[in-house]
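A.B. asks: quick one, what's the 3D model for this:
(one chain, ligands or ions: 1)
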Amino acid sequence: MSPMSTLQAKLVARIAEDGPLGIDAYMQACLLDPDFGYYTTRPSIGTDGDFTTAPEISQMFGELLGLSLAQCWMDQGSAPAFLLAELGPGRGTLMADILRATRHVPGFHAAMRILLVEASPRLRAIQRTTLEGFDLGWREDLTGLPGIPLFLVANEFLDALPIRQFRRAEGDLWEERRVERGLQGLTPGYAEPRALPALDYRLGDTRSGDIVEISEAAQGWGRAIGAHVARHGGVALLVDYGGWRSLGDTLQALRDKAPADPFETPGEADLTAHVDFAEIARAALPAAATRLETQGVFLERLGITARAQALAKGLSGAALDSHVSAHRRLTHPEEMGTLFKILALIPPGQRPPPGLEPGIRF
Ligand code: SAH
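C.D. replies: The predicted structure is shown next:
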C-alpha cells in the first residue's frame, strides 16, 4: 500500500468521523487547507508552477483589460474615488499590467483604491513585492465595501471555487457526487437520490445520467459583485474557462503540468472546474450581464494585434518568437482563444465595456 499523503490521512480521518465529503468540501480542503492546501504550499502559478495563466503569458492581456476598465470608468463619469479590485491576483502580474497601462489615464490612479482578494498568505506576500510602491489593501471577501464604484477583474479565480456535482437519476431526482473512503485512500461515489428544488431549472435540459455542477461560492461572488455594481456603479470583467450552463463532469486535476486523478493526491494537484457563467449572471441580478464572449474575439476587438505589432518592433530572436507565440496562445481558437470566455457585470442600463455586447435578460 502506498503511504498516504498528510492531507489524504487528514481527510480519511474526517470522513470516518463525519461521513463522505461533498466535492465542494473536498476541493476547499485540497486547495486551501491551512497546512497542506495546494495554494498554501506550492509555487503553483507561473513558469515554475503547475500552470501558467494569461497574464503570465503576456503583458498584453492585462494592458487591454486595464484600458477596458479605464474606458468604463470614464463612460460612467470618472468617479473621483473608486475601488480597483482583483479576485485571486496570483503573483500580482495582471494588476501590475493594469496599473502600468492606466498610468497615463488622467485622474485614474489618483481616484483608485486598490483592493486585492486573496486567501493565500504566501501569494499575498508575492503580490506585495510585485506591486511595490502602490497602496494595497487585502480582504477575504466583498462585505462592507465603501459605497463607491467597483471596477473589478478576476482571471482564473472562479474556476478554483468549490463546486458540487449532481447526477440526474430517474424522474426528477438527483444523486450528489461525493468523496468516500476507498480501499486505499479516497474514492468518488454517489449519495442516495433525492429531490432538489434548487435544480428544478435544469430538469428541462438534462436526462438521466447527466451530471450538472453548481458552485455556491461562485454564486456568492456573483451576488456580492452584482449588488455592489448595480447600486454604486462600476464593472466586473470575469475571465475563465467554461460556458453558459454546465453539463458533464468538468472537475480536473493538474499536477506538475500533467493531468492527474483528482482524488489520488489531495493537496498536491491543482483542482479546477469549468465555470458556469449563467449561474453567476443569474446570481448577479439586478446587475446586468453582457453576452458571454470568447477571450480571442474579445482581445482582437480591443486591438491586441496592433499592440502585438507595436511591441514586436522592439524585439528580435528568441524574445520575438516568444512574443509571437504568446499572442497566438492568448487568441488562437486551438489555444486559449475559445476555451476561455469573458463575461462583464454592469449596472442595469449601462453600455457594455468595449469589446462586449449586451446580454440576454433573465
Ligand atoms: N489571477 C491570477 C491567479 C489565478 S490562480 C492569474 O491569472 O495568474 C487563483 C487565485 O485565486 C490564487 O491567487 C488563489 O490563491 C486565489 N484563490 C483561490 N480561491 C480563493 C478564495 N476562495 N478566496 C480568495 N482567493 C482565492
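A.B. asks: shaky segments in the stretch 251-362 of the chain?
C.D. replies: In the predicted model of the stretch 251-362 of the chain, residues 362 satisfy pLDDT under 70.
A.B. asks: and the strands in it?
C.D. replies: For the stretch 251-362 of the chain, strands defined by DSSP state E, counting those that start in this stretch occupy the ranges 252-255, 258-260, 270-272, 275-276, 288-289, 293-294, 340-346.
A.B. asks: as CSV, these with mean neighbour count and distance to the ligand would be great.
C.D. replies: Placement of C-beta: from N, CA and C, glycine included. As requested, those are arranged in CSV below (neighbours: other C-beta atoms under 10 Å; distance: least, C-beta to the nearest ligand atom, whole Å):
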stretch, mean neighbour count, distance to the ligand
strand 252-255, 18, 12
strand 258-260, 12, 17
strand 270-272, 24, 8
strand 275-276, 28, 12
strand 288-289, 25, 20
strand 293-294, 18, 17
strand 340-346, 26, 11
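A.B. asks: so which of the ones you listed is nearest residue 135?
C.D. replies: Of all the strands of the stretch 251-362 of the chain, strand 340-346 sits nearest to residue 135, with 25.5 Å by C-beta to C-beta.
A.B. asks: show me what that closest one is in contact with.
C.D. replies: Under the criterion C-beta atoms under 8 Å, 6 or more residues apart in numbering, residues 54, 72, 222, 225-226, 229, 235-243, 275, 277, 280-281, 284, 287-290, 292-296, 298, 352-353, 356, 359 lie in contact with strand 340-346.
A.B. asks: just the ones of the residues you listed in helices?
C.D. replies: Using DSSP state H, the subset of these located in helices is 54, 72, 222, 225-226, 229, 277, 280-281, 295-296, 298.
A.B. asks: going through these, which ones are buried?
C.D. replies: Buried members of the ones in helices among the contacts of strand 340-346, scored by 16 or more other C-beta atoms under 10 Å, are 54, 72, 222, 225-226, 229, 277, 280-281, 295-296, 298.
A.B. asks: can I get these in TSV including distance to the ligand?
C.D. replies: As requested, those are arranged in TSV below (distance: C-beta to the nearest ligand atom, whole Å):
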residue	distance to the ligand
54	6
72	19
222	14
225	14
226	18
229	19
277	17
280	15
281	20
295	12
296	17
298	15
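A.B. asks: residue 247 reaches residue 211, doesn't it?
C.D. replies: Yes - in this structure, residue 247 is within contact of residue 211 by C-beta atoms under 8 Å, at 7.4 Å.
A.B. asks: which of these two has more neighbours?
C.D. replies: Counted by other C-beta atoms under 10 Å, residue 247 and residue 211 do not tie: residue 211 has more neighbours, with 18 against 15.
A.B. asks: returning to that earlier point: quick one: which of the strands of the stretch 251-362 of the chain is nearest residue 67?
C.D. replies: That would be strand 340-346 among the strands of the stretch 251-362 of the chain, by C-beta to C-beta, at 14.1 Å.
A.B. asks: Provide the strand pairings for the closest one, with the direction of each partner.
C.D. replies: Paired neighbours of strand 340-346 in the sheet (DSSP bridges): strand 234-243 (antiparallel), strand 288-289 (antiparallel), strand 293-294 (antiparallel).
A.B. asks: right, and the ones you listed - which one's nearest residue 142?
C.D. replies: Evaluated with C-beta to C-beta, the strands paired with strand 340-346 place strand 234-243 nearest to residue 142, the distance being 10.3 Å.
A.B. asks: show me how far the closest one is from its chain's centre.
C.D. replies: Taking the mean of its C-alpha atoms, strand 234-243 sits 7 Å from the chain's own mean (C-alpha atoms, centre = their mean, to the nearest Å).
A.B. asks: check stretch 57-71 too.
C.D. replies: 16 Å.
A.B. asks: can that stretch be said to contact the ligand?
C.D. replies: No - looking at stretch 57-71 against the ligand by C-beta under 6 Å from any ligand atom, there are no contacts, and the closest approach is 8.5 Å.
A.B. asks: just the C-alphas of that stretch, formatted as CSV.
C.D. replies: Extracted as CSV, the C-alpha positions of stretch 57-71 are listed here (Å, rounded to 0.1, in the frame of the first residue of the first chain):
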residue,chain,number,x,y,z
ILE,A,57,1.9,34.6,-20.8
SER,A,58,1.9,38.2,-22.0
GLN,A,59,1.7,41.7,-20.6
MET,A,60,-0.8,42.5,-23.4
PHE,A,61,-3.6,40.7,-21.6
GLY,A,62,-3.5,42.9,-18.5
GLU,A,63,-2.9,46.1,-20.5
LEU,A,64,-6.0,45.6,-22.6
LEU,A,65,-8.1,44.7,-19.6
GLY,A,66,-6.8,47.7,-17.8
LEU,A,67,-7.7,50.0,-20.7
SER,A,68,-11.1,48.5,-20.9
LEU,A,69,-11.7,49.2,-17.2
ALA,A,70,-10.4,52.8,-17.6
GLN,A,71,-12.8,53.3,-20.5
